[in-house]
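Undergrad: Mind looking at a prediction? Sequence and model below.
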Amino acid sequence: MTTTLESTTSPSTASPMDPMAWLNQLGVRSWHLYLAGLGSVGASFVSWLISRGKSDHRDQSDRWGLFVGEWAPTFFAMGVGLKQHEMESRAQRPRA
């Protein structure tokens, strides 16, 4: 099955609960979400480094690092969805 740009939902016919259109209207761009994903990878690494230096035997710090690390795929997936919305919006604009 091949998907063409014409078969996707255009921004004008998007449902009122389209989160990508909502984020776009707020001024969020795909590269913002990509940077947030990279930042969460860095925050996870820093949290892991900090937890290695602690002498207590609680796994709380390691769990925090894993929790923050789970944000990265979410931000990257949202970035891809928003990039697709941006490309569809650009394709729908009339050319001058």
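TA: Cool, the structure landed.

Undergrad: Pull the number of nearby residues for Asn24.
TA: Asn24 is flanked by 17 other residues according to other CB atoms under 10 Å. Using the backbone N, CA and C atoms, a C-beta is placed for each residue, glycine as well.

Undergrad: Next, the contact list for it, please.
TA: The contact partners of Asn24, taken as CB atoms under 8 Å, 6 or more residues apart in numbering, are 82, 85-86, 89.

Undergrad: Mind listing what's buried along the longest helix belonging to the chain?
TA: Counting residues, the longest helix found in the chain (DSSP state H) is helix 30-53. Using 16 or more other CB atoms under 10 Å as the test for burial, helix 30-53 gives 30, 33-34, 36-37, 40-41, 43-44, 47-48, 51.

Undergrad: In a markdown table, list those residues along with distance to Trp22 and pLDDT.
TA: Converted to a markdown table, the buried residues of helix 30-53 look like this (distance: CB to CB, whole Å; pLDDT from 0 to 100):
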| residue | distance to Trp22 | pLDDT |
| --- | --- | --- |
| Ser30 | 14 | 95 |
| Leu33 | 13 | 96 |
| Tyr34 | 19 | 97 |
| Ala36 | 17 | 96 |
| Gly37 | 19 | 96 |
| Ser40 | 21 | 92 |
| Val41 | 26 | 91 |
| Ala43 | 25 | 88 |
| Ser44 | 27 | 85 |
| Ser47 | 30 | 80 |
| Trp48 | 34 | 78 |
| Ser51 | 36 | 76 |
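
Undergrad: Let me know whether Lys83 touches Ser30 as I believe.
TA: Yes. Counting by CB atoms under 8 Å, Ser30 is a contact partner of Lys83 at 3.9 Å.

Undergrad: what's the overlap in contacts for these two?
TA: Joint contacts of Lys83 and Ser30 (CB under 8 Å, 6+ apart) do not exist.
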